[in-house]
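Asks: when you get a sec, could you give me coordinates for this:
(one chain, ligands or ions: 3)
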Amino acid sequence: MKILPYQPDQSGMAYSVGTTLDRFIKSKQSDFPFASGELSQLLRDIALAAKIVNRETNRAGLANIGGAFGQTNVQGEEQQKLDVIANIRFMRALSKGGEVCAIVSEEEDSVIDLQNGSGKYVVAIDPLDGSSNIDVNISIGTIFSIYRRKTPVGSPIQEEDIMQPGKEQVAAGYVLYGSSTMLVYTTGFGVNGFTYENSLGEFFLSHPAIQAPKDGKIYSINEGSELEWAPGVKNYVDYCKRSQYSARYIGSLVADFHRNLLKGGIYAYPSTQKNPNGKLRLLYEANALAFIAEQAGAKATNGTQRILDIQPETLHQRTPLWIGSEKMVNEAMGFLSKKREAVNL
Ligand SMILES: O=P(O)(O)OC[C@H]1O[C@](O)(COP(=O)(O)O)[C@@H](O)[C@@H]1O
Ligand SMILES: [Mg+2]
Ligand SMILES: [Mg+2]
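Replies: Ligands and ions are numbered 1, 2, ... in the order given. Below you'll find the model as predicted:
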């Protein structure tokens, strides 16, 4: 009986489809000496829910999935049907997965205790980001942060398990439902992006080891609130215009962040007179993107403090957010701290 060692095909007859998310997660498990596979399974659970939500977003215009749900969430925002559907899908996948003990969601007033005696992880999630863009077929997303609980597994959930600063995240990521659907995440060992191959139902590694350009020429800010900006913000945006940077604002945080992460740029949702703490939420929007930004060599601040150092106080607390290419964020901070005055280039 002849036995031959396997020789990878050299004919090129069948191109390689690439590395699936599953295989990638498995291959990276060695990054964690004490890994038990639970975080890997949790990431798979999130990917599964993302596939289902992807299908729903693709059909948002059909099947009565679009439009308002007819209720408001704890933020006082009108919930869209897809906000609610995405929330159900992720909650179900996380509770069935068995790795999670508690969930913080934009669509839930309180912490959801999954009463899972063996769950080690806490997940904070924005099930559907960019809700105002759902019905107009513009890119939307999902944002998630993962923490290890602080108190013993199986014991009652405590405040300290939930109110952890962003620097305690063990993993974070987002899903972008756009012209293609992507999952981008970090476990603290760099940032990797995966593109969803619909026909195979798999995420494939398409953007390995993402590094954000240190500088850029794109600024993303809702200029509609210009009249409420502090002088430093106004001066910085004027500086961007005089520097002939391109203004790009989709109105979906995930989509604006993703573009700037790959091309170089800065996204800002500053504090305004109306919203002194800005609009975006610390626990399930800013923290996750700040972890990814820093892992990709970019930067995230609330204008005075590193986002990941902020100690959370309330579940749905908001924070101003300046995030993007390092040089651009430093420049903006120069204007905010008045070290740089208005410029006449
Ligand atoms: O319309 P505005 O005030 O510019 O706000 C847009 C921002 O609000 C958000 O839609 C808030 O997120 P949600 O859609 O998850 O509530 C961000 O995605 C986006 O960047
Ligand atoms: Mg959001
Ligand atoms: Mg949302």
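Asks: measure Pro213 to Gly178 for me?
Replies: Distance from Pro213 to Gly178, counting by CB to CB, to the nearest Å: 20 Å. Every residue, glycine included, has its C-beta placed from N, CA and C.
Asks: same check, this time on Glu160
Replies: In terms of CB to CB, Glu160 sits 37 Å off from Gly178.
Asks: Val100 now?
Replies: Relative to Gly178, and taking CB to CB, Val100 is found at 27 Å.
Asks: more neighbours, the two?
Replies: Set Val100 next to Gly178 and count neighbours by other CB atoms under 10 Å: Val100 wins out with 25 against 18.
Asks: so the more buried one touches Val123, yeah?
Replies: Yes: contact criterion CB atoms under 8 Å: Val100 and Val123 qualify, at 5.4 Å.
Asks: give me the common contacts of these two.
Replies: 42, 94 (CB atoms under 8 Å, 6 or more residues apart in numbering).
Asks: pLDDT below threshold where in the stretch 101-250 of the chain?
Replies: Residues of the stretch 101-250 of the chain meeting the criterion pLDDT under 70: none.
Asks: residues touching the closest residue to ligand 2 within it, list them.
Replies: When scored by CB to the ion, the stretch 101-250 of the chain has Asp129 as its residue closest to ligand 2, at 3.4 Å. Residues counted as contacts of Asp129 (CB under 8 Å, 6+ apart) are 140-143, 174, 252-254, 285.
Asks: ok, and what's touching the host helix or strand of Ala268?
Replies: Taking DSSP states H and E as the definition, one finds Ala268 inside strand 266-269. Strand 266-269 has contacts (CB under 8 Å, 6+ apart) with 216, 218-222, 233, 253, 256-257, 260, 278-280, 320-325, 328-329, 332.
Asks: note down every partner strand of it and its orientation.
Replies: Looking at strand 266-269 with DSSP bridges, its partner strands are strand 218-220 (parallel), strand 321-324 (antiparallel).
Asks: ligand 2 contacts on the stretch 201-345 of the chain?
Replies: Contacts of the stretch 201-345 of the chain with ligand 2, taken as CB under 5 Å from the ion, map to Glu285.
Asks: list the contacts of the residue in the stretch 201-345 of the chain that ligand 2 sits nearest to.
Replies: Nearest residue of the stretch 201-345 of the chain to ligand 2: Glu285, at 5.0 Å (CB to the ion). Residues in contact with Glu285 (CB under 8 Å, 6+ apart) are 106, 126, 129, 143, 253, 321.
Asks: other residues contacting stretch 162-171?
Replies: 39, 42-43, 102, 104, 111, 121-122, 145-148, 150, 185-188, 282, 286-288, 290-291, 307-313, 315.
Asks: which among those end up buried?
Replies: For the contacts of stretch 162-171, a burial check counting by 16 or more other CB atoms under 10 Å picks out 39, 42-43, 102, 104, 111, 121-122, 145-148, 185-187, 282, 286-288, 290-291, 307-308, 310, 312, 315.
Asks: elements contacting the longest helix that the chain contains?
Replies: Taking DSSP state H as the criterion, the chain has its longest helix at helix 38-58. Helix 38-58 sits against helix 21-28, helix 81-97, strand 121-129, strand 140-148, strand 171-177, strand 181-186, strand 191-197, with contacts defined as 3 or more CB pairs under 8 Å, 6 or more residues apart in numbering; DSSP states H and E.
Asks: burial of the closest residue in space to Pro312 that isn't next to it in sequence, as a residue count?
Replies: Nearest non-adjacent residue to Pro312, counting by CB to CB, 6 or more residues apart in numbering: Met163, 4.6 Å away. Close neighbours of Met163, defined as other CB under 10 Å, add up to 18.
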